[in-house]
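>>> Pasted the sequence and its predicted model underneath.
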Amino acid sequence: MSKFRKEGSKETPAISTSSLPDIVFMLLFFFMTTTTMREQDLVVKVIQPKATEVKKLEKKSLVSNIYVGQPLRSYQSKFGTEGAIQLNDFFASVSDIKDFIFAERESRKEEEIPMLTTNIKADVDVKMGIITDIKQELRKVQALKINYATVEVEELDYQD
Amino acid sequence: MARKVPEVNAGSMADIAFMLLIFFLVTTTMDVDTGISRKLPPMQEEELENKPPPIKEKNLFEVIANVNDQLLVEGNLMSVNDLRDATKEFLNNNGDGTCDYCTGRRDPHSSDNPYKAIITVQNDRGTSYNLYIAVQNELVAAINELRDELAMRMYGMPMAELNEVDAKKIQKMFPQKISEAEPVNLSGN
């Protein structure tokens, strides 16, 4: 018999858990740094359309969001069921977009202004009329870089 | 008489860290904003003095979407599924033979070359956003497919693997020229 075998003590020794906090802390820091809290509560329903040819938006700090969609149920009595615009955290009209863009520019550094992108997050069910109005309004204030927010999918099948 | 300081029990450290971890796990949103980027044309206040030269009808690829979400492409009713191939055929046509990398049919009634070919999209105020995005997506997809095919022929690899200089070159060879006509309002919405 081998001489290395110790007599008795058949139980397996307990695994040391002293490094568990370190591992957990590592995970914790990872999530703490990558987390971005949702800044805005949506008051409109936005289900983004699907597309295959999408690009990622770089630099989140240079993006201003315009939400377009049907008002949520609790607001429908006041704001109707047609597509509505949300700027910052409440409903707005098309004419408010100008001020919104100016306010967005105000809060950025001057050299960053030409790189500002307007991200139009619109619901699949809205009509083009309101989107067109928004685009015209953006053209008036020279906010020409826009992005239609879409969800990326691999394959698309349209049924008409 | 230095008394030994008793060691603090760190056994619950893991529990505390776990609690924080779970909080951040739940609140985290790792969504990246994705979408189709476009550049709007600047507003033209006054009429241009020298009007741009007129574009030949055959170099225009007209896509019109109506209020019932139907597509009229070059005068024919078309489903969105066929738009990609039609666009590719139009851009790749090489009507005047100046484009030596095009593989099109050289139809004299379609576009002269990729530089002259312009896609124009017009939609009604009542067209759904869904269809609009689908059309934009298909048009971009058509151009991307052409670029990919060309890259495969020239460099033997797809666009995504090319270096920046070559990719720029390919992009120039199939430029993305999509114009949007002012919308009409036929539906009264």
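Cool, the structure landed. Predicted model only: the values in this text are computed from it and were never measured.
>>> Would you mind giving the secondary structure of residue A:17?
coil (DSSP: H, G, I helix; E, B strand; the rest coil).
>>> measure it to chain B for me?
To chain B, residue A:17 is 7 Å away according to C-beta to the nearest C-beta, to the nearest Å. All C-beta spots, glycine's among them, are computed from the backbone N, C-alpha and C.
>>> Next: residue A:61.
12 Å.
>>> go on, residue A:42?
Residue A:42 is 13 Å from chain B, by C-beta to the nearest C-beta.
>>> How about residue A:141?
9 Å.
>>> Now do the same for that residue: its pLDDT.
Note on residue A:141: pLDDT of 86.
>>> out of everything not next to it in sequence, what's closest to it?
Leaving aside its sequence neighbours, residue A:141 sits nearest to residue A:101 (C-beta to C-beta, 6 or more residues apart in numbering or on different chains; 4.9 Å).
>>> does that neighbour really touch residue A:118, like I thought?
Yes. Taking C-beta atoms under 8 Å as the definition, residue A:101 is a contact partner of residue A:118 at 7.3 Å.
>>> Overlap in contacts, those two.
With contacts taken as C-beta atoms under 8 Å, 6 or more residues apart in numbering or on different chains, residue A:101 and residue A:118 have A:64, A:138, A:143 as neighbours in common.
>>> out of the residues you listed, which are inside strands?
Taking DSSP state E, the ones among those that sit in strands are residue A:64.
>>> can you map out the strands along chain B?
Counting by DSSP E, the strands of chain B are B:34-39, B:60-65, B:71-73, B:76-78, B:118-123, B:178-180.
>>> With distance to residue A:147 and mean pLDDT as extra columns, can I get those strands in a markdown table?
Shown next, in a markdown table, are these (distance: least, C-beta to C-beta, whole Å; pLDDT from 0 to 100):
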| stretch | distance to residue A:147 | mean pLDDT |
| --- | --- | --- |
| strand B:34-39 | 4 | 84 |
| strand B:60-65 | 20 | 86 |
| strand B:71-73 | 24 | 86 |
| strand B:76-78 | 27 | 85 |
| strand B:118-123 | 17 | 87 |
| strand B:178-180 | 15 | 82 |
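>>> Make JSON lines from those and add mean neighbour count to it.
Putting the strands of chain B into JSON lines (neighbours: other C-beta atoms under 10 Å in any protein chain shown) gives the following:
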{"stretch": "strand B:34-39", "mean neighbour count": "17"}
{"stretch": "strand B:60-65", "mean neighbour count": "20"}
{"stretch": "strand B:71-73", "mean neighbour count": "19"}
{"stretch": "strand B:76-78", "mean neighbour count": "11"}
{"stretch": "strand B:118-123", "mean neighbour count": "19"}
{"stretch": "strand B:178-180", "mean neighbour count": "16"}
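>>> bridging residues for the closest residue to residue B:178 other than its chain neighbours?
Among residues not flanking residue B:178 along the chain, residue B:119 sits closest, at 4.8 Å (C-beta to C-beta, 6+ apart). Beta-bridge partners recorded for residue B:119 (DSSP bridges): residue B:61, residue B:178.
>>> wait, what's in contact with residue B:119?
Taking C-beta under 8 Å, 6+ apart as the test, what residue B:119 contacts is B:60, B:61, B:63, B:87, B:90, B:139, B:177, B:178, B:179.
>>> Let me see the confidence value for the residue lying closest to residue B:92 once chain neighbours are set aside.
Leaving out its chain neighbours, the residue that sits closest to residue B:92 by C-beta to C-beta, 6+ apart is residue B:104, at 4.0 Å. On pLDDT, residue B:104 comes in at 75.
>>> Now do the lengthiest helix in chain A: distance to the chain's middle.
When chain A is parsed with DSSP state H, its longest helix is helix A:20-34. Helix A:20-34 sits 24 Å away from the centroid of its parent chain (C-alpha atoms, centre = their mean, to the nearest Å).
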